[in-house]
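Asker: Below is the sequence, then the predicted model.
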Amino acid sequence: MLFDKDLFESKYVPIEQRTPIDTLILIGNGFDIWQNLDTSYQSFEKYYEAHLGEMLERLHLKKYTKYNDDGTPAVDLKGNIITYSDVDLFYGDPFKPQKLNHTFWWNFETAMDKIDDQQINYFFGRDGVKNIKKCAENAQKILKEMFRDWVATIDISEEISKYAFGDNVLFVNFNYTETLLKRFDVKAVNEFHIHGEAKDKDSIIVGHATHPEYPYEPLRLFKNKPRMEGLYYIEEFLYNSDKHIEDNYMKLQMFCGLHGVRIENIKKIYVLGLGFGDADLGYIKHLVYETQGISEEPEMFLEEVEKEYLDCLDHDGIMNINMQYAFSHRERVMKKKPISFPEYELLDEMIKPYVEDPYQHVERDVQLRLEMAGVRRRFREEQEERNKKMRREYLRMLNKRMHLGVLTPVEAFLEHDPQTPYDNLGAEWNISYHSEEDCERINRIMQSYGCKNYKLYPEIEQCIEQFKK
């Protein structure tokens, strides 16, 4: 759902009841683990293995049987016939299907884009394009339903908290649990579950953050080129399994606006138990930039000549860039060399000397940069349309009409207020970490985003010492 009217109506605080907000607290999975809740991805793996059979029955999906080279069913060390699902087929080696290893589950969200698209295409073959779509849909359905069911099993007892958070604090909860409400006496109106809540199964969001752009439609139009149509269905899967950070961050801005504060005015940010994994870094980057007054330059990694090239692309050039981006998934994400298709490669080599397009004559790393930038340009256009829709729904909810005049920046959050002063260091960040490796990674990330005003704490207790009763 792009905009949940009921949710945001429940978070609205009338102007006369508002308390000045100056602090955001981000809650990650480490926070629930600190509270002795079994919310690790290792726990999800165990739940998945224990309940896969009943889930497949519920969804009316079949198990596949693994066979030996002689055609007999393969068995494990206990003599049980080895079976696998569409998840194992899609995320593993379809030619040698087996249970996914621990690494996949323990890095669940960042692993969700690790799909060997070319190998899947090769496995299903020319006549199996529709089966790629079916397998992708089944894999997504299994993972989504299983994850949501697992989240619902997490039981939280009510306890008296040793900490007291004032009304000047808003919480951005990356978890799905009611830990803050049941153990820290936080008001529901002050908490925003950015990825949904366990009590509302349909609201739960889990996924990677590398493919927010729509699947490239022209790929599906090549009916006589099953390789391209197959890539479309894999692109569609990658889009559907993306957590769509830009949408969610827009909703976070709305949540803050409903309390009368813009994120750029926040003075303190606490990060408790958030692992700074790749799937959530987009949020951190947005918050750093907005609270430090830093303007993002999405194409700063491009040379001027590369920007000029993208600016001059005609329709065919744009189509080529987008298709090349889809073709490059195996190389870009899986870090594997492309599977050899001799007839295509021979044709490419024959026509390359006669093609004037500069893309065909630059180094591979430059091509990958151009592909990424070209697709991101398309995504920014798509996202702006989505943002407009959300703004309209948000304003309708506030019973405002855009033709009545200029709304207050807090209610509309449409543009940065040039009157808002930034101090030299911006918001103060206080971040807990789990290990020395985490500490090094967080340091590296915060510095790369240009944030200087932050402190790291090896324990959550140390990070929130000032809130202790």
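Answerer: Yes, it's here.
Asker: ok, residue 463 touching residue 432?
Answerer: Yes. Between residue 463 and residue 432 there is a contact under Cβ atoms under 8 Å: 4.3 Å. Just so you know, the C-beta spots here come from the backbone N, C-alpha and C atoms, and that holds for glycine as well.
Asker: Those two - which one has more neighbours?
Answerer: Comparing residue 463 with residue 432 by other Cβ atoms under 10 Å, the one with more neighbours is residue 432, at 25 against 21.
Asker: ok so, going back, give me the common contacts of residue 463 and residue 432.
Answerer: The overlap between the contact sets of residue 463 and residue 432 (Cβ atoms under 8 Å, 6 or more residues apart in numbering) consists of 271-272, 457.
Asker: among those residues, who's most crowded?
Answerer: For the shared contacts of residue 463 and residue 432, neighbours were counted by other Cβ under 10 Å; the highest total belongs to residue 271, with 30 neighbours.
Asker: did I read that right, that residue in a helix?
Answerer: No. When classified by DSSP: H, G, I helix; E, B strand; the rest coil, residue 271 is found to be strand rather than part of a helix.
Asker: ok, residues contacting stretch 141-156?
Answerer: Among residues not part of stretch 141-156, those counted as contacts by Cβ under 8 Å, 6+ apart are 32, 35, 37-39, 43-44, 47-48, 51-52, 55-56, 58-59, 61, 85-87, 112, 176-179, 182-183, 198, 201, 204, 206, 241.
Asker: actually stretch 80-97, not the one I wrote
Answerer: Identification of contacts with stretch 80-97 by Cβ under 8 Å, 6+ apart yields 52, 56, 61, 63-66, 73-76, 98-100, 104, 111, 114-116, 119-120, 123-124, 135-136, 138-139, 142-143, 237.
Asker: Pull out the CA atoms of that stretch and give them to me as PDB.
Answerer: These are the backbone C-alpha positions of stretch 80-97, laid out as PDB (Å, rounded to 0.1, in the frame of the first residue of the first chain):
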ATOM      1  CA  ASN A  80      15.200 -39.500   3.800                       C
ATOM      2  CA  ILE A  81      14.500 -38.500   0.200                       C
ATOM      3  CA  ILE A  82      15.900 -35.000  -0.500                       C
ATOM      4  CA  THR A  83      13.300 -32.500  -1.500                       C
ATOM      5  CA  TYR A  84      13.400 -28.800  -2.300                       C
ATOM      6  CA  SER A  85      11.100 -25.900  -3.000                       C
ATOM      7  CA  ASP A  86      11.000 -23.000  -5.500                       C
ATOM      8  CA  VAL A  87      13.000 -20.900  -3.000                       C
ATOM      9  CA  ASP A  88      15.900 -23.400  -3.200                       C
ATOM     10  CA  LEU A  89      15.600 -23.500  -7.000                       C
ATOM     11  CA  PHE A  90      15.500 -19.700  -7.400                       C
ATOM     12  CA  TYR A  91      18.200 -18.800  -4.900                       C
ATOM     13  CA  GLY A  92      20.400 -21.800  -5.300                       C
ATOM     14  CA  ASP A  93      21.900 -23.700  -8.200                       C
ATOM     15  CA  PRO A  94      18.900 -25.000 -10.200                       C
ATOM     16  CA  PHE A  95      21.100 -27.700 -11.800                       C
ATOM     17  CA  LYS A  96      22.200 -29.000  -8.400                       C
ATOM     18  CA  PRO A  97      19.300 -28.100  -6.100                       C
END
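Asker: Flag every buried residue along that stretch.
Answerer: By 16 or more other Cβ atoms under 10 Å, the buried positions in stretch 80-97 come out as 82-92, 94, 97.
Asker: Where helices are concerned, which of those count?
Answerer: Taking DSSP state H, the ones among the buried residues of stretch 80-97 that sit in helices are 86-91.
Asker: So which of those is the closest to residue 4?
Answerer: Within these, distances to residue 4 taken as Cβ to Cβ reach their minimum at residue 87, with 28.5 Å.
Asker: picking up where we left off before, could I get the shared contacts of residue 463 and residue 432 as CSV with distance to residue 385?
Answerer: As requested, the shared contacts of residue 463 and residue 432 are arranged in CSV below (distance: Cβ to Cβ, whole Å):
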residue, distance to residue 385
271, 31
272, 35
457, 41
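Asker: so can I have JSON lines of the residues you listed showing distance to residue 279 and pLDDT?
Answerer: Rendered in JSON lines, the data for these read as follows (distance: Cβ to Cβ, whole Å; pLDDT from 0 to 100):
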{"residue": "271", "distance to residue 279": "15", "pLDDT": "98"}
{"residue": "272", "distance to residue 279": "18", "pLDDT": "98"}
{"residue": "457", "distance to residue 279": "23", "pLDDT": "98"}
